[in-house]
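>>> Sequence and predicted structure are below.
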Amino acid sequence: MTQHIRRFLPLCAFALLWGVSLALPAVRVRGGPVFDGADLLLRGWQGAARGILAWYANPLFAAALALAALRRDVAAAVLSLLALALALTSFALEPLLELGMASVPDIGFLPGLYVWLSALAAAAVWSSLRAPWGGRGPETAREERGIDRPQGSP
C-alpha cells in the first residue's frame with residue numbers, strides 16, 4: 001500500500017464515520033423531539049449563547065482532517081484533540097442549560113452522538129500518534145515525506 005493510501009484511508013474512514021453520525025438520532029429531549037446529527041449540525045452553533053460549545057468541534061475536526069491530509073501532523077493533532085475536548089462538553093449539556101433556564105427537561109444521548117464522538121476520538125488518537133510526540137521517530141517521518149530515500153526508491 002502506498003504512503004498516500006495509508007494516510008488518506010484513515011482520514012476517509014473518520015469522515016465517513018462522522019457522516020454516518022449525521023443520519024443517526026443523537027439527542028432526545030424528554031417530552032419533546034429527537035434530534036439527529038444533521039439537525040444538531042444545522043442548529044448546534046446557536047448553543048454558544050448558552051455556553052454550549054460542543055458544535056464547534058465540527059469545524060475543528062474538518063480543519064484537523066485537512067491538515068492531516070497536508071501532512072501537518074502537529075497542527076492536525078492539536079486541532080483534533082481540541083475538537084474532541086469540545087465534543088466531550090456535550091455531557092455538560094444539562095448543567096449548562098440549567099444556568100440560564102428555570103426548567104430543563106431530561107436529555108438523553110442516542111447512538112448518533114456516540115458515533116460522532118467515536119469519529120472525533122479516532123481522529124485525535126490517529127493524528128496524535130502521527131505527531132512527533134506520538135512515538136514515530138524522525139526517521140519515519142522523513143521517509144514518509146520522501147526525504148533521505150536512496151535514489152530510485154519508491
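Arrived safely.

>>> Quick check: phi and psi at the closest residue to Asp36 other than its chain neighbours.
Distances taken as C-beta to C-beta, 6 or more residues apart in numbering place Pro25 nearest to Asp36, at 5.2 Å, with adjacent residues excluded. Yep, even glycine has a C-beta here, placed from its N, CA and C like the rest. Main-chain dihedrals, Pro25, degrees, to the nearest 10: phi -60, psi 130.

>>> And the strands in the protein?
25-29, 34-36, 107-109 (DSSP state E).

>>> Kindly provide the distance from the residue positioned nearest the centre of the chain to Pro33.
The centroid of the chain falls nearest to Leu120 when counting by C-alpha atoms, centre = their mean (2.6 Å). Using C-beta to C-beta, to the nearest Å, we find Leu120 at a distance of 24 Å from Pro33.

>>> can you pull the contacts of the residue lying closest to Leu22 once chain neighbours are set aside?
With sequence-adjacent residues excluded and distances taken as C-beta to C-beta, 6+ apart, Leu22 is closest to Gly37, at 3.9 Å. Contacts for Gly37 were tallied using C-beta atoms under 8 Å, 6 or more residues apart in numbering; they are Ser21, Leu22, Ala23, Leu24, Ala26, Gly112, Leu113, Val115, Trp116.
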